[in-house]
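K.L.:
heads up, no residue letters with this:
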């Protein structure tokens, strides 16, 4: 059998043993199965890294919010300890400024004084109980969280209560909640306070 190939290389011409001429078309294209397998491999190669990148981004946002929530809880601990220390230095009863939060849910943070507009640290009773405290607000220029009416709402809510253990010991319970996407998360911190007097 003698074969001849045209210049394009896709068709083959030849003669069979019986002397008849034949033309065989070459296999220059892909079958549907081959095309589907190729598309599946490409989609897998592209979607896998994109999914990993998306998960990485959402994990980093969650980690950032979790760190912020921890610092907001620690900030409240430090301010309650500072209030207790100032009371001791000034000769005031040790729970002055905090007594309204004994066995009551309160919020605490930077607030505006009613008449002067001056920013000070203070507490406010959440009259509806747990989960009803105002959301913390955020000052974008200073990076501070608090309750100033001119600041923008943040995604964080912080509340605390003082639970009496004895006449000279209180347990400070702090809860910070926030929403990342559709998930609501929270952290809880406890600290025991003693009367130094």
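P.N.:
Okay, I see it. Worth saying up front: this structure is predicted, and the values here are computed from it rather than measured.

K.L.:
so how far is stretch 94-110 from its chain's centroid?
P.N.:
In terms of CA atoms, centre = their mean, to the nearest Å, the centre of stretch 94-110 is found 28 Å from the chain centre.

K.L.:
same question for it: list its buried residues.
P.N.:
Neighbour counts over stretch 94-110 (16 or more other CB atoms under 10 Å) mark 94, 95, 97, 98, 101, 105, 106, 107, 108, 109, 110 as buried. Where you see a C-beta, it was placed from the backbone N, CA and C, and this is true even at glycine.

K.L.:
check contacts around the second one.
P.N.:
Read it as residue 95. For residue 95, the contacting residues are 84, 87, 102, 162, 170, by CB atoms under 8 Å, 6 or more residues apart in numbering.

K.L.:
out of these, which are buried?
P.N.:
The buried subset of the contacts of residue 95 (16+ other CB under 10 Å) comprises 84, 87, 162, 170.

K.L.:
report the secondary structure element holding the first one.
P.N.:
Residue 84 belongs to helix 32-89 when elements are defined using DSSP states H and E.

K.L.:
and that helix, what does it pack onto?
P.N.:
Here helix 32-89 touches strand 106-112, strand 119-125, strand 152-166, strand 169-180, strand 183-194, going by 3 or more CB pairs under 8 Å, 6 or more residues apart in numbering; DSSP states H and E.

K.L.:
let me know which of those strands is tucked in deepest.
P.N.:
strand 106-112 (a mean of 21; mean count of other CB atoms under 10 Å).

K.L.:
mean confidence score for it?
P.N.:
The predicted model gives strand 106-112 an average pLDDT of 87.

K.L.:
the most centrally placed residue in the chain and residue 179, how far apart?
P.N.:
Central residue of the chain (CA atoms, centre = their mean): residue 62, 2.6 Å from the mean position. Computed with CB to CB, to the nearest Å, the distance linking residue 62 and residue 179 is 11 Å.
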